[in-house]
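1. here is my input, please return the structure:
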Amino acid sequence: MAEAVFIEMVKHAGLQNQISVDSAGTGDWHIGSPAHHGTRHILREHGVEYTGCARQIVPEDLAEFDYVITMDNQNLTNVRAMEEQCSDPIAQIVPLLEFCPAAKASRLTEVPDPYLVGGFDVTYRLVYSGCRGLLEEVAAKLEGSGQE
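-> Next comes the predicted model:
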């Protein structure tokens with residue numbers, strides 16, 4: 001969900017030539033599968049197209065991307081442990097909700113898993129807010145470096 005939302009925001013900002021977006025899970029149980037039907041449904045409701053499929057994060061991702069964004073504490077722990085396997089990690093590993101002012105104010109640290117608890121609309125709102133904050137930070141860095 002976050003990948004699709006962020007890609008859409010990047011396009012609307014006209015930054016698709018400066019920002020690369022990808023999504024990967026820490027587990028291998030969904031590799032090659034499309035997003036959950038509930039995720040695809042909520043994305044369509046918000047006019048977001050998505051045709052991606054699941055892949056698993058690899059240590060090299062930490063050397064390729066500037067940011068690795070996590071949704072929950074277990075993924076954060078898993079990705080941080082992966083840093084030791086990467087020869088030259090550059091990625092900032094940050095929970096998505098660090099970019100979501102409402103979540104920070106309420107001390108919410110994890111995006112609820114809609115597969116387990118339902119509430120795709122709640123998850124979407126948090127993801128949208130977090131992605132907006134992330135894009136603001138990335139765009140500001142691009143502008144500061146003269147790349148925008």
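2. and stretch 99-118, which residues are buried?
-> Buried residues in stretch 99-118, counted by 16 or more other CB atoms under 10 Å: 99-100, 103, 110-112, 114. For the C-beta atoms, the positions are set from N, CA and C on the backbone; glycine is no exception.
3. before we move on, what about stretch 139-148?
-> Going by neighbour count (16+ other CB under 10 Å), the buried part of stretch 139-148 is residue 139.
4. contacting residues around it?
-> Residues outside stretch 139-148 that contact it (CB atoms under 8 Å, 6 or more residues apart in numbering): 13, 15, 18-19.
5. off-centre distance for that stretch?
-> Taking CA atoms, centre = their mean, to the nearest Å, the mean C-alpha location of stretch 139-148 is offset from the chain mean by 20 Å.
6. may I ask which two of the contacts of stretch 139-148 are separated the most?
-> Farthest-apart pair in the contacts of stretch 139-148 is 13 and 18; separation 9.4 Å (CB to CB).
7. next, the contact list for residue 42, please.
-> Applying CB under 8 Å, 6+ apart to residue 42 gives the contacts 1, 120-121, 123-124.
8. the lowest-mean-pLDDT helix or strand in the chain - contacts with which helices or strands?
-> Least confident helix or strand of the chain, by mean pLDDT, DSSP states H and E, is helix 114-117 with a mean of 82. Other elements packing on helix 114-117 under the criterion 3 or more CB pairs under 8 Å, 6 or more residues apart in numbering; DSSP states H and E are helix 37-45, helix 120-145.
9. and those helices, which is most packed in?
-> Ranked by mean neighbour count, the helices and strands packed on helix 114-117 are led by helix 120-145 with a mean of 17 (mean count of other CB atoms under 10 Å).
10. my read: residue 7 touches residue 23, true?
-> No: counting by CB atoms under 8 Å, residue 7 stays clear of residue 23, with 9.2 Å between them.
11. out of these two, which sits in the more crowded spot?
-> Shown here are residue 7 and residue 23; by other CB atoms under 10 Å, residue 7 has more neighbours (21 against 18).
12. so who does the closest residue to the more buried one other than its chain neighbours touch?
-> Once flanking residues are discounted, residue 7 sits nearest to residue 21: 4.9 Å by CB to CB, 6 or more residues apart in numbering. By CB under 8 Å, 6+ apart, the residues touching residue 21 are 3, 6-7, 10.
13. extract the C-alpha trace of the helix or strand hosting residue 10 and format it as PDB.
-> Secondary structure assignment for residue 10, by DSSP states H and E: helix 2-12. Presented in PDB, the C-alpha positions along helix 2-12 are these (Å, rounded to 0.1, in the frame of the first residue of the first chain):
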ATOM      1  CA  ALA A   2       2.700   2.500   1.000                       C
ATOM      2  CA  GLU A   3       4.600   1.800  -2.300                       C
ATOM      3  CA  ALA A   4       1.600   2.600  -4.400                       C
ATOM      4  CA  VAL A   5       0.600   5.700  -2.400                       C
ATOM      5  CA  PHE A   6       4.200   7.000  -2.500                       C
ATOM      6  CA  ILE A   7       4.600   6.400  -6.200                       C
ATOM      7  CA  GLU A   8       1.400   8.300  -6.800                       C
ATOM      8  CA  MET A   9       2.600  11.200  -4.700                       C
ATOM      9  CA  VAL A  10       6.000  11.300  -6.400                       C
ATOM     10  CA  LYS A  11       4.200  11.400  -9.800                       C
ATOM     11  CA  HIS A  12       1.900  14.300  -8.700                       C
END
